[in-house]
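*Asks:* pasting a predicted model and its sequence here:
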2 protein chains.
Amino acid sequence: MENVNTINEERLFRMLSKSSETGAIPQNGLRRLALSDKDQEMRNIYKDWCKEAGLTLRVDDLGNMYARREGKQDLLPVVLGSHLDTQPEGGRFDGVLGVLLALEVVQTLNDNGIETERPLEIVNFTNEEGARFEPPMLGSGAIAGVFDQEYVYSRKDAEGYSFLEELERIGYKGKEENRLSDFHSFLELHIEQGPILEDENIQIGVVEGVQGISWLEVTLTGEADHAGPTPMHLRKDALMAAAEIMNQLEKEIATTDVTVTVGKISVSPNSVNCVPGEAHFTVDIRSTNDDLRKEALKETKNTIRRVSEDRDVGEEMKELWETEKIDFDRSITEVIENSAIELGYSSKRMLSGAGHDAKYVHNLGPTAMIFVPSVNGKSHVPSELTLDKDIVSGANTLYQTVLTLSNE
Amino acid sequence: MENVNTINEERLFRMLSKSSETGAIPQNGLRRLALSDKDQEMRNIYKDWCKEAGLTLRVDDLGNMYARREGKQDLLPVVLGSHLDTQPEGGRFDGVLGVLLALEVVQTLNDNGIETERPLEIVNFTNEEGARFEPPMLGSGAIAGVFDQEYVYSRKDAEGYSFLEELERIGYKGKEENRLSDFHSFLELHIEQGPILEDENIQIGVVEGVQGISWLEVTLTGEADHAGPTPMHLRKDALMAAAEIMNQLEKEIATTDVTVTVGKISVSPNSVNCVPGEAHFTVDIRSTNDDLRKEALKETKNTIRRVSEDRDVGEEMKELWETEKIDFDRSITEVIENSAIELGYSSKRMLSGAGHDAKYVHNLGPTAMIFVPSVNGKSHVPSELTLDKDIVSGANTLYQTVLTLSNE
C-alpha cells in the first residue's frame, strides 16, 4: 500500500504549536473565544496557511470558513473539519486537531502530487464551544437548519456584544450562498474527551454515532428548620432526600449502558445550622440505546417520586432537554476502520458521549467521526492532552480515509 | 397562691404590637437590624416604657440597655432579658418576647404594689442575631469576656460601617462601668425555635442547658469529567461520594440523642453535563450528651474516610467549631418548673439546640431559660409565630419565677 504514514510530522506540530501560542493561558491552556481578537488572529494565520497550500477560501454568513481543493472531477466534495474556537480556560486540542490535521492531510496530498477524483473542503465552524455565545455549535447548527440566521446574529455574549457585531468587527462575515451545501461525506477528527481509548489502550476511535441524552431538573421542597432544636424524626430535609435519590440512581439505574450524572446541586437556605428546606439538582442520562435511556429516565422519575413520598417532601421535575441517539454513516465508518487496520493501528467502534459539529452536519449528509485518545480523559481544561504519537496516528488515519473517500 | 395569672394581657399585646410595627416587613415579618435606625426607634420606645414603669436606665459601652427596679434590700439582682434586634427577614417574637415579657412582669409587680426583696434588672442585649455584625451575641459575649471591646467595636457590616460608628450614631454608647456585673440569677424567656413543645403539646419548656455542638467542613476531591464520554466505573464522582456519606450519616450516626445536619453543599464545576470533581459540605452534630456527640463526630469522620477510600476520592476535613454542652443552674430550673406546675401549665425539661444570650451570661452566674412553643417550629422567617395563649402562659410563668427568685 502506498501513501501510508506519509504525513509530515514536523509541519503538523509546527502548525499545532502556532495555534497553541495564539491565545495561550497558563499551564498550557488556550483561551480563544469565538469572534474574539484571538479568534481573528488564528483565523488570519489559518487563512494564510490555506492559501499557501493552494486552497481557495470562502466564508459564509456565519463566519464558517471553507478551504477548497479541486478534484479531477466535478463531483460532490469530501468535507473535513471542526472548530478553532476554545473554552475560556480550555485546552490546545479540542476542535483544533480536526481543522489542522485536515490541512496537514491536504498538504501531504500536495507533497505527494496526488490529485483526488473528488474535491476536498476543510471547514472551520464558528462558535462550536458556545462558551461566548450560547448555545454551542451555532455555525454548524445554522447551516443544518437548526438555528436561523436572525437567531444566531442576535446571540449576545456576557458583555452584551452580539454575534453579528463581533462577526463584522473581526471581518469574517461572508455570504449565505457560501454555506456548505451537498457533499459526498463529512469527516470530523476530534479528541475523545473521555477515558475509554486510553483505558483500553486503543489508538483510533471509529465513532459510529452520538449517544442519546436526557436532562432532568429536579426541585425537592421539604422544610427549612434550625438544625439545633429539630429532632431527626420531625425533619423534612430536602438534601437528605436528594442524597437518597442520588444513591439509588447510582446503584440501581446507572449501568454499563446508561450513565447517570448529577452535575449541579444547590440547597436553600444553605447555612451550616439549617436543615435544607429546598434542594435543586440536575440529572443527565445518556445511553447509546434510546430505549434503555428512556427506561432509565422513567425509573429516575419513579425513584424521585418514591423517595419524596416516603419522606413527605414535595418534588417538581422538568425535562430540560432530550436528544435521540444519532447513527453516523456506516460506509464511512467502515472506511475509517479499514484505514486504521491497514495502518496497523488498534481501533474501537464507539459512540460519542458529547455533541460535536458533526452531530448537526449529519442532518445534511453522510457523516462520521474519528476519535484520538485524551490523556486521563480530560478536556475543557488547560491540562487537556493528546500525545504526539496519537496525533500522528490520527492524522495518518484521516489521510488514509480521505484518500479512499475522495476516490470513490 | 396569690398573684397567679396576673399579668395584664391587654398591655402586653399592646407592647408587642408596637414592636411588631417597628421595622415591619411583608407577611408579618420584622427587619430590625442591630444599631440600625429601626433598632434606635425601638430602643427609644422601649426606654420610654421603662421610664413609665419607674425603672432606672443605664447603657453600657456595648449598647446593652439595663432597666433597674430597686428591691427592699441591697442584694444581688435578679436579671431578666434577651434582645430587640432581629434577622433581616425575621419574625416578631425571637428575642423580643424575652425583653417585653420581662417589662410586663415588672409592670404587674407595680400594679400589684409588690416590692421584691432583691432588685430586678431587665437587659436588652446588642446584636444578638449577628445578622448585621458577625459573630452573633456580641453584646452578651463581650460582658462575659468572650470578646474584647476593641474586637466588638471593629466589627463591620456588609456596607463597611463599624459597630462603634453605628453605636455612636444611634446614641446608645454608654459606659463600660455600666456593664452587668454580679447577679443572683439570670432568666431568659425565648421562643423554642423548634417543634418539640408544639409536637408534644407542652406549654412551657424548662431549659436545663444548651446542647453541645460540633461543626465539620468537608471537601471531597474526585475528578471532573464530561458526563457523556465517562463510563460509571471510571468515574471519581465527588458528589456521589458525598451522597453516600450523607445517607450513612442519616442512617447510622444520627439518633434520637444526636442530630446530624448537612446544611451547606456545593460542587465544582457545577455543570449539568460534568461529573463533579469537588464537593464541599458541612456537618453539624449536636447532642445533649457530650460523649455521644464526640463519638458521633469520630464516627462521622470514619465514615467520610471509609467512603472516600472506597471510591478513590480525596478527603479533607476541618473542625470549624466546637462547643461543649452547657448546664444551666438547677435551682433556677426547679423554680421555673414549680412555677409552671403551680400555674397548672404542662412543662417539659429540655435543652436548647440553639445559642442564646443566656449561653454567654451563664459564664457570669446562675442562669436558666424558659421556652414557649413555636408554631411549626419556625423561626428566623416572617411566619415565625407563638400563639397568644402561649405568650400569656410564658409571661405568667416568668412572673411567678421572678416572684420566687427575687424574694429568695
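*Replies:* Structure's in. What do you need?

*Asks:* and the residue of the stretch 51-200 of chain A nearest chain B?
*Replies:* The nearest approach of the stretch 51-200 of chain A to chain B comes at residue A:194, 2.3 Å away (Cβ to the nearest Cβ). (Glycine included, C-beta is placed from N, CA and C.)

*Asks:* what count of nearby residues applies to the residue lying closest to that residue once chain neighbours are set aside?
*Replies:* Excluding its sequence neighbours, the residue lying closest to residue A:194 (Cβ to Cβ, 6 or more residues apart in numbering or on different chains) is residue B:229, at 2.3 Å. Residues lying near residue B:229 (other Cβ atoms under 10 Å in any protein chain shown) number 27.

*Asks:* kindly report the same for the one 3 residues further on.
*Replies:* Neighbour count for residue B:232, taken as other Cβ under 10 Å: 17.

*Asks:* next: the one 3 residues further on.
*Replies:* Around residue B:235 sit 24 other residues, with neighbours defined as other Cβ under 10 Å.

*Asks:* isn't it right up against residue B:223?
*Replies:* Yes - using Cβ atoms under 8 Å, residue B:235 is in contact with residue B:223, at 7.3 Å.

*Asks:* between those two, which contacts overlap?
*Replies:* residue B:275 (Cβ atoms under 8 Å, 6 or more residues apart in numbering or on different chains).

*Asks:* who does residue A:314 form a beta bridge with?
*Replies:* Beta-bridge partners of residue A:314, counted by DSSP bridges, are residue A:221.

*Asks:* which ones are touching it?
*Replies:* A:220-222, A:308 are the contacts of residue A:314 under Cβ under 8 Å, 6+ apart.

*Asks:* ok, residue A:248 next?
*Replies:* A:303, A:307 are the contacts of residue A:248 under Cβ under 8 Å, 6+ apart.

*Asks:* state the distance from residue A:288 to residue A:212.
*Replies:* 8 Å (Cβ to Cβ, to the nearest Å).

*Asks:* which neighbours do the two have in common?
*Replies:* Joint contacts of residue A:288 and residue A:212 (Cβ under 8 Å, 6+ apart) are residue A:325.

*Asks:* who has more neighbours, those two?
*Replies:* Neighbour count, other Cβ under 10 Å: between residue A:288 and residue A:212, residue A:212 has more, with 23 against 19.

*Asks:* test my guess that residue A:167 contacts residue A:60.
*Replies:* No - assessed by Cβ under 8 Å, residue A:167 is found out of contact with residue A:60, at 10.6 Å.

*Asks:* grab the longest helix from chain A for me.
*Replies:* helix A:290-310 (DSSP state H).

*Asks:* how about the residues of the stretch 301-408 of chain A by chain B?
*Replies:* A:320, A:352-354, A:376-381 (Cβ under 8 Å from any Cβ of the partner chain).

*Asks:* tabulate the residues you listed (JSON lines), appending secondary structure and distance to residue B:69.
*Replies:* Below are those laid out as JSON lines (DSSP: H, G, I helix; E, B strand; the rest coil; distance: Cβ to Cβ, whole Å):
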{"residue": "A:320", "secondary structure": "strand", "distance to residue B:69": "64"}
{"residue": "A:352", "secondary structure": "strand", "distance to residue B:69": "80"}
{"residue": "A:353", "secondary structure": "coil", "distance to residue B:69": "75"}
{"residue": "A:354", "secondary structure": "coil", "distance to residue B:69": "75"}
{"residue": "A:376", "secondary structure": "helix", "distance to residue B:69": "74"}
{"residue": "A:377", "secondary structure": "helix", "distance to residue B:69": "74"}
{"residue": "A:378", "secondary structure": "coil", "distance to residue B:69": "72"}
{"residue": "A:379", "secondary structure": "coil", "distance to residue B:69": "74"}
{"residue": "A:380", "secondary structure": "coil", "distance to residue B:69": "70"}
{"residue": "A:381", "secondary structure": "coil", "distance to residue B:69": "69"}
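
*Asks:* what bridges to residue A:29?
*Replies:* Here residue A:29, judged by DSSP bridges, has bridge partners residue A:25.

*Asks:* how about residue A:351?
*Replies:* Applying DSSP bridges, one finds that residue A:351 bridges with residue A:209.

*Asks:* now the helices for the stretch 51-200 of chain A?
*Replies:* Under the criterion DSSP state H, counting those that start in this stretch, helices of the stretch 51-200 of chain A are mapped to A:96-111, A:138-143, A:149-154, A:163-169, A:196-199.

*Asks:* using JSON lines, lay out these together with distance to chain B, mean pLDDT and mean neighbour count.
*Replies:* Shown next, in JSON lines, are the helices of the stretch 51-200 of chain A (distance: least, Cβ to the nearest Cβ, whole Å; pLDDT from 0 to 100; neighbours: other Cβ atoms under 10 Å in any protein chain shown):
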{"stretch": "helix A:96-111", "distance to chain B": "16", "mean pLDDT": "97", "mean neighbour count": "24"}
{"stretch": "helix A:138-143", "distance to chain B": "17", "mean pLDDT": "96", "mean neighbour count": "28"}
{"stretch": "helix A:149-154", "distance to chain B": "22", "mean pLDDT": "97", "mean neighbour count": "15"}
{"stretch": "helix A:163-169", "distance to chain B": "22", "mean pLDDT": "98", "mean neighbour count": "19"}
{"stretch": "helix A:196-199", "distance to chain B": "6", "mean pLDDT": "94", "mean neighbour count": "19"}
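
*Asks:* and residue B:142, which of those helices is closest to it?
*Replies:* Closest to residue B:142 of these, according to Cβ to Cβ: helix A:163-169, at 57.2 Å.

*Asks:* show me what the closest one is packed against.
*Replies:* When contacts are defined as 3 or more Cβ pairs under 8 Å, 6 or more residues apart in numbering or on different chains; DSSP states H and E, helix A:163-169 packs onto helix A:149-154.

*Asks:* in chain A, which helix or strand is least confident?
*Replies:* strand A:225-226 (a mean of 84; mean pLDDT, DSSP states H and E).

*Asks:* following it, which helix or strand comes up?
*Replies:* helix A:238-248 (DSSP states H and E).

*Asks:* just the buried positions in that following helix, please.
*Replies:* A:238-248 (16 or more other Cβ atoms under 10 Å in any protein chain shown).

*Asks:* residue contacts, the spatially most central residue of chain A?
*Replies:* When Cα atoms, centre = their mean is applied to chain A, the residue found nearest the centroid is residue A:356 (3.5 Å). Contacts for residue A:356 (Cβ under 8 Å, 6+ apart) come out as A:82, A:128, A:137, A:188, A:190, A:210, A:369.

*Asks:* can you tell me which of these are in strands?
*Replies:* Members of these lying in strands (criterion: DSSP state E): A:82, A:188, A:190, A:210, A:369.

*Asks:* so the residue of the stretch 51-200 of chain A closest to chain B makes contact with residue A:377?
*Replies:* Yes - counting by Cβ under 8 Å, residue A:377 is a contact partner of residue A:194 at 4.9 Å.

*Asks:* overlap of the contact sets of those two?
*Replies:* Shared contacts of residue A:194 and residue A:377, counting by Cβ under 8 Å, 6+ apart, come down to B:225-226, B:229-230.

*Asks:* farthest-separated two in those residues?
*Replies:* The widest separation within these (Cβ to Cβ) is 7.7 Å, between B:225 and B:229.
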